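[1] how would this look folded up:
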Amino acid sequence: MCDCECGDEGVSPTRRESAYDMIRVDAAVELVLQQTQPLEVVAVQAHEADGFVLAEPVLSVEPLPPFRASIMDGYAVVAADGVGTFPVVERIAAGDMPSSALKHGQVSYITTGSPVPDGADAVVKIEDTSSVEGSEKPERETAVNILKTVKAGQNIRPIGSDISPGEVLVDAHELVSPAEIGLMATAGITEVQAHRKPVVGVLSTGSELVEAFQGTTTPGKIRDSNRPMLLALLSSWGATAVNLGVCSDKKQALKDTILKALEKVDVLITSGGVSMGEHDLIKPLLEEMGSVHFGRLLMKPGKPTTFATLDVQGKKKLVFALPGNPVSSFTTCHLLVHPALKRLRGLPISKCHHTKVYATLTHPIKLDAERPEFHRTNLVWDSKQHKFLATSTGRQISSRLLSCRHANALLCLPTGTEVRDGDAVAALVLESSFGNATGVVSATPILNQSAVSSTHVHTTNEKPSVPKKVFRAGLLTVRASDHLLVGTVDIDARLCC
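    You can find the predicted model right below:
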């Protein structure tokens with residue numbers, strides 16, 4: 001039952017003022033990361049390790065190539081023999097081993113990647129040879145004309161030239177991607193030690209909610225859009241997402257549901273029930289059950305967002321109580337939950353923050369006078385101006401989920417009156433839109449990876465500075481999503497020495 005005298009377990013005492021100070025989003029992110037530790041280590045088959053973060057480095061156990069390998073299709077020769085006509089004593093294809101050592105005055109036909117026979121110290125590419133009359137067909141080739149000289153070692157990959165024994169293939173705390181899978185396959189690695197992926201439950205609260213995707217609603221009811229949206233986000237971030245359904249605004253039922261869920265998940269996300277109404281039960285329950293680390297954020301949207309930790313069977317569990325408005329839920333899940341999931345998966349804190357870029361506004365935006373805003377925007381690379389252009393996704397009220405459609409970044413808008421067309425504004429890249437997004441760059445300097453600062457706006461008269469000694473490099477990022485991002489960045493030439 002609640003603590004008031006209403007006799008209704010679904011009603012909490014009405015609070016006229018919040019017990020929580022509003023904290024900045026960057027402080028909230030750091031607090032979340034301080035409370036989050038990587039999950040335990042498990043053995044993972046190397047071919048199934050995509051998306052896992054390694055707990056230990058992976059070392060090569062053998063050299064690559066394991067034999068001297070030809071770089072070209074051509075003829076293995078003794079370099080000192082020079083040009084001339086030589087007998088072809090053997091044809092070596094990929095997968096074959098030479099049957100005998102090569103002697104002075106002999107050559108062997110060889111294909112790219114094939115083992116170079118002992119005695120040979122170079123490969124002449126096929127373009128630098130010609131057929132001897134009567135030996136035009138490969139199966140009849142008994143001799144060949146060598147037309148150009150080569151140096152000893154030319155067109156041969158030495159043993160271990162790609163990978164030496166004991167070399168680090170993948171570092172600890174590194175996210176395994178398809179490239180690392182291929183590298184481990186090449187080196188014969190079969191199993192790795194990695195942090196297990198987090199299990200995250202999503203629970204919607206509110207007696208007004210009905211299941212989405214099930215036809216019409218009855219008067220007074222609304223479809224639960226938050227849960228399917230959050231489940232999709234979590235899956236895109238590599239978590240195991242668990243659908244916990246909808247719980248009504250009844251205190252005991254809600255408490256029982258939370259406790260039961262936390263026995264099975266590492267992280268619990270709730271949506272709804274965190275404001276100041278008499279049916280908003282989440283905050284009082286979390287205060288009763290665990291430690292609430294913050295209960296209000298200095299941001300728009302998402303002010304009532306709450307973060308708590310609970311001890312369940314000796315294990316710390318994370319609880320993110322997100323607002324019921326869908327845009328607030330979407331935004332705060334990106335800003336707070338995603339960094340926590342990265343940390344749980346084993347990434348160092350330095351790699352858990354969002355990537356920031358500068359983007360140039362294509363139109364003015366009015367600012368909120370009291371709270372910094374995370375404005376949904378669509379970033380487009382302008383190849384002529386060599387910079388990102390940011391266009392708002394429309395009306396930004398917290399109930400209008402249409403503002404999240406086409407959003408691939410959040411503009412970090414400070415308090416004030418207005419930012420103008422042409423101003424350069426910091427933007428956080430939404431990684432579910434650009435895949436991993438670690439390659440997202442801007443023609444203006446990338447900011448440190450951290451949460452929003454109110455100073456991250458440069459007016460049209462105050463452009464971010466670029467180092468004087470620079471060269472331009474192209475960067476292409478293609479990840480698991482169907483989005484492609486192309487850009488260029490000015491790089492300080494001193495960093496390349």
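[2] rest of the way, CA atoms for contacts and neighbours
    Noted.
[3] so Leu33 belongs to a strand, correct?
    No - Leu33 sits outside any strand when classified using DSSP: H, G, I helix; E, B strand; the rest coil, being helix.
[4] what sits against it?
    For Leu33, the contact set (CA atoms under 8 Å, 6 or more residues apart in numbering) comprises 339-340, 343, 349.
[5] kindly report the same for Pro198.
    39, 239-240, 265-267, 341, 344-345.
[6] can you do 7 Å?
    For Pro198, the contacting residues are 239-240, 266, 341, 344-345, by CA atoms under 7 Å, 6 or more residues apart in numbering.
[7] from Leu33, how far off is it?
    For Pro198, the distance to Leu33 equals 15 Å [CA to CA, to the nearest Å].
[8] can you check His293 too?
    Counting by CA to CA - His293 and Leu33 are separated by 12 Å.
[9] repeat for Val327
    Distance from Val327 to Leu33, by CA to CA: 23 Å.
[10] then Leu234?
    17 Å.
[11] what mean pLDDT would you report for stretch 324-336?
    Stretch 324-336 shows a mean pLDDT of 95 in the predicted model.
[12] contacts for it?
    The set of residues external to stretch 324-336 that reach it, using CA under 7 Å, 6+ apart, is 29, 226, 271-273, 301-302, 322-323, 398-401.
[13] if I've got this straight, Ser329 is in a strand?
    No - Ser329 is assigned helix when assessed by three-state DSSP, not a strand.
[14] chain neighbours aside, what residue packs nearest to Ala43?
    Gln193 (4.8 Å; CA to CA, 6 or more residues apart in numbering).
[15] then the helix or strand harbouring that neighbour to CSV, C-alphas only?
    Using DSSP states H and E, Gln193 maps to strand 191-195. Output in CSV follows, covering the C-alpha atoms of strand 191-195 (Å, rounded to 0.1, in the frame of the first residue of the first chain):
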residue,chain,number,x,y,z
GLU,A,191,38.2,-19.7,-29.4
VAL,A,192,38.4,-16.3,-27.6
GLN,A,193,37.7,-15.0,-24.1
ALA,A,194,35.2,-12.2,-24.2
HIS,A,195,32.7,-10.4,-22.0
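[16] packing partners of it?
    strand 41-45, strand 53-54 (3 or more CA pairs under 7 Å, 6 or more residues apart in numbering; DSSP states H and E).
[17] which outside residues touch the shortest one?
    Outside of strand 53-54, the residues that reach it under the criterion CA under 7 Å, 6+ apart are 172-176, 193-195, 345-347.
[18] also the longest one?
    Strand 41-45 is touched from outside by 55, 190-196, with contacts defined as CA under 7 Å, 6+ apart.
[19] just give the strands next to it in its sheet, each with its orientation.
    Its sheet considered, strand 41-45 pairs with strand 191-195 (antiparallel) by DSSP bridges.
[20] beyond the strand it pairs with, next helix or strand please.
    Taking DSSP H and E, what comes next after strand 191-195 is strand 199-205.
[21] which secondary structure elements does the helix or strand following that next one contact?
    Where DSSP H and E defines the elements, the next helix or strand beyond strand 199-205 is strand 209-210. Strand 209-210 sits against strand 222-223, with contacts defined as 3+ CA pairs under 7 Å, 6+ apart.
[22] what lines up beside the strand it packs on in the sheet?
    Partners of strand 222-223, by DSSP bridges, with direction: strand 209-210 (parallel).
[23] ok, back up a step: and for the residue nearest to Ala43, the neighbour number?
    20 (other CA atoms under 10 Å).
[24] could you do Ile222 as well?
    16.
[25] that one touches Ser207, doesn't it?
    No - using CA atoms under 7 Å, Ile222 is not in contact with Ser207, being 9.6 Å away.
[26] is it true that the residue nearest to Ala43 touches Glu56?
    Yes - assessed by CA under 7 Å, Gln193 is found in contact with Glu56 at 6.0 Å.
[27] helices of this structure, start to end?
    Secondary structure of the chain (DSSP state H): helices at 25-34, 178-187, 226-236, 251-262, 282-289, 326-332, 338-344.
[28] circling back: with pLDDT and neighbour count added, can I get the contacts of Leu33 in TSV?
    Shown next, in TSV, are those (pLDDT from 0 to 100; neighbours: other CA atoms under 10 Å):
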residue	pLDDT	neighbour count
Pro339	98	23
Ala340	99	27
Arg343	98	26
Ile349	97	16
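[29] now the strands for the stretch 51-200 of the chain?
    53-54, 58-59, 69-70, 74-77, 84-92, 107-110, 122-125, 129-131, 143-146, 156-157, 168-170, 191-195, 199-205 (DSSP state E, counting those that start in this stretch).
[30] Gly394 is nearest to which of those strands?
    Of all the strands of the stretch 51-200 of the chain, it is strand 199-205 that lies closest to Gly394, at 26.6 Å by CA to CA.
[31] neighbouring strands - and their directions - for that closest one?
    Sheet pairing for strand 199-205, using DSSP bridges, gives strand 240-247 (parallel), strand 267-271 (parallel).
[32] winner for burial among those?
    Most buried of the strands paired with strand 199-205 by mean neighbour count (mean count of other CA atoms under 10 Å) is strand 267-271; its value is a mean of 25.
[33] report the mean confidence score over that one.
    The average pLDDT within strand 267-271 is 97.
[34] list of residues touching it?
    199-205, 262, 317-324, 329.
[35] turn the helices of the chain into a markdown table, including distance to Ile92.
    Shown next, in a markdown table, are the helices of the chain (distance: least, CA to CA, whole Å):
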| stretch | distance to Ile92 |
| --- | --- |
| helix 25-34 | 57 |
| helix 178-187 | 22 |
| helix 226-236 | 47 |
| helix 251-262 | 62 |
| helix 282-289 | 71 |
| helix 326-332 | 60 |
| helix 338-344 | 49 |
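[36] wait, which of the ones you listed is closest to Glu211?
    Glu211 lies closest to helix 226-236 among the helices of the chain, at 9.3 Å (CA to CA).
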